[in-house]
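Asker: Can you look at this prediction? I've put the sequence above it.
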Amino acid sequence: MIKKLRKAVLPVAGLGTRFLPATKATAKEMLPVVDKPLIQYAVEEARAAGIEQFCMITGRGKTALVEHFDVAYELEATLRERDKTEALEALRATQSEPGSITTVRQQVPLGLGHAIWCARAFIGDDPFAILLPDDLVLADKPCLLQLAEAYYETGGNIVAVTEVPREQTFRYGILKVGKDDGRLVEVTGLVEKPAPKDAPSNLSIIGRYILMPEVIKYLGKMERGAGNEVQLTDGMARLIGEQPFHGLRYQGTRFDCGDKVGFLEAQIAFALKRPDMADAVHAFLKKYV
């Protein structure tokens, strides 16, 4: 029986050094794309896929991430007094169900695999999703919902994948592929950041995963991989052959918001999708392009 997907882990302990000085006192996941922070996009995407419980893997200076989803009594009272209905509704959309968000500290930066291992008590014996807020996906159907629908078809582990230029494989986790129907691919191997000449394909994992809890026992071995870090990719690779493992070619456009150019591109793309902004954005773009 395929267990229902209810849990999601959000690794948000990074320092955001590529966005200094903006991230000196602000978590990078709180940087807004148009008018919502990256972390809110990730949580809303997860909720659309049926996620009910969230675990944020945090570090020092990340308290704003949790506060963003809390009730702001004073602000709400002020908005009501001033009859700011639209602003009040936007604020309420950030609130979470009581007890639905927990946090765990990753005291030392030992890699993504180590961050997920830190959530082991939260994960327990349940399947769980992972969302990396730096990867923002613009899609008619939320990316994690697409992944969840595929999970209920196949069971086991499933990751969102996209094709990348072969010369860029050294930046990503890359799949070794078996059967491929154009949508779902059978994963027969995983390699973290291979050199282009060693890459088994150009299918790259993006920051959306649904994994079985057994991955935790392999991550718990604390074996170091690429970059001398505990790599999630290496832990997932150990599940191949033990459980079903698939990649999904999702529908949508992914923006790397951990990169300045990708972040700026996301601003424009998401603004152009807004009926209240599209015409004005088109107009000012003509001034510069």
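Answerer: That came in fine, so what should we check first? Being a predicted model, the structure only gives us computed values, none of them experimental. Numbers count the residues shown, from 1 in each chain.

Asker: Grab the nearest non-local neighbour of A269.
Answerer: Leaving aside its chain neighbours, A269 sits nearest to L138 (5.6 Å; criterion: CB to CB, 6 or more residues apart in numbering). Backbone N, C-alpha and C define where each C-beta goes, glycine included.

Asker: Then D35?
Answerer: A90 (7.7 Å).

Asker: Flag every buried residue along the helix or strand containing that neighbour.
Answerer: Using DSSP states H and E, A90 falls within helix 85-92. For helix 85-92, a neighbour-count test (16 or more other CB atoms under 10 Å) marks L88 as buried.

Asker: Output the contacting helices and strands for that helix.
Answerer: When contacts are defined as 3 or more CB pairs under 8 Å, 6 or more residues apart in numbering; DSSP states H and E, helix 85-92 sits against helix 73-81.

Asker: Check the offset of the helix holding A90 from the chain's centre.
Answerer: In terms of CA atoms, centre = their mean, to the nearest Å, the centre of helix 85-92 is found 25 Å from the chain centre.

Asker: What's the first helix or strand after it?
Answerer: Remark: after helix 85-92, the chain's next helix or strand is strand 101-105, criterion DSSP H and E.

Asker: Pull the helix or strand just after that following strand out as CSV, backbone CA atoms only.
Answerer: Remark: after strand 101-105, the chain's next helix or strand is helix 112-117, criterion DSSP H and E. C-alpha atoms of helix 112-117 as CSV (Å, rounded to 0.1, in the frame of the first residue of the first chain):
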residue,chain,number,x,y,z
LEU,A,112,22.3,18.6,2.1
GLY,A,113,22.3,14.9,3.2
HIS,A,114,23.3,15.9,6.7
ALA,A,115,20.5,18.5,6.8
ILE,A,116,17.9,15.9,5.9
TRP,A,117,19.3,13.5,8.4
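
Asker: who touches Q95 in this structure?
Answerer: Neighbour list for Q95: F69, D70, V71 [criterion: CB atoms under 8 Å, 6 or more residues apart in numbering].

Asker: What distance do you get for the last one to L15?
Answerer: Using CB to CB, to the nearest Å, one obtains 29 Å as the distance from V71 to L15.

Asker: How about the first one?
Answerer: Taking CB to CB as the measure, F69 and L15 are separated by 22 Å.

Asker: Which residues does the host helix or strand of K287 contact?
Answerer: Per DSSP H and E: K287 is located in helix 278-288. Outside helix 278-288, the residues that touch it by CB under 8 Å, 6+ apart are I268, A271, L272.

Asker: can you check stretch 265-277 too?
Answerer: V33, V34, L136, L138, T253, F255, C257, A278, V281, H282, L285.

Asker: go on, stretch 210-219?
Answerer: For stretch 210-219, the surrounding residues in contact (CB under 8 Å, 6+ apart) are 5, 113-114, 116-117, 120, 123-130, 147-148, 151, 156-159, 230, 232, 234-236, 238-239, 242-243.

Asker: Out of those, which end up buried?
Answerer: Neighbour counting over the contacts of stretch 210-219 (16+ other CB under 10 Å) leaves 5, 113-114, 116-117, 123, 127-130, 147-148, 151, 156-159, 230, 232, 234-236, 238-239 as the buried ones.

Asker: Which members of those occur in strands, if any?
Answerer: Members of these lying in strands (criterion: DSSP state E): F128, A129, I130, N157, I158, V159.

Asker: Keeping just the C-alphas, turn stretch 123-131 into CSV.
Answerer: The C-alpha trace of stretch 123-131 is given here as CSV (Å, rounded to 0.1, in the frame of the first residue of the first chain):
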residue,chain,number,x,y,z
ILE,A,123,10.3,11.9,9.3
GLY,A,124,9.9,8.8,11.3
ASP,A,125,8.5,5.9,9.2
ASP,A,126,6.7,8.1,6.7
PRO,A,127,7.4,9.1,3.1
PHE,A,128,8.3,12.8,2.9
ALA,A,129,8.9,15.5,0.4
ILE,A,130,11.9,17.8,0.2
LEU,A,131,11.6,21.3,-1.3
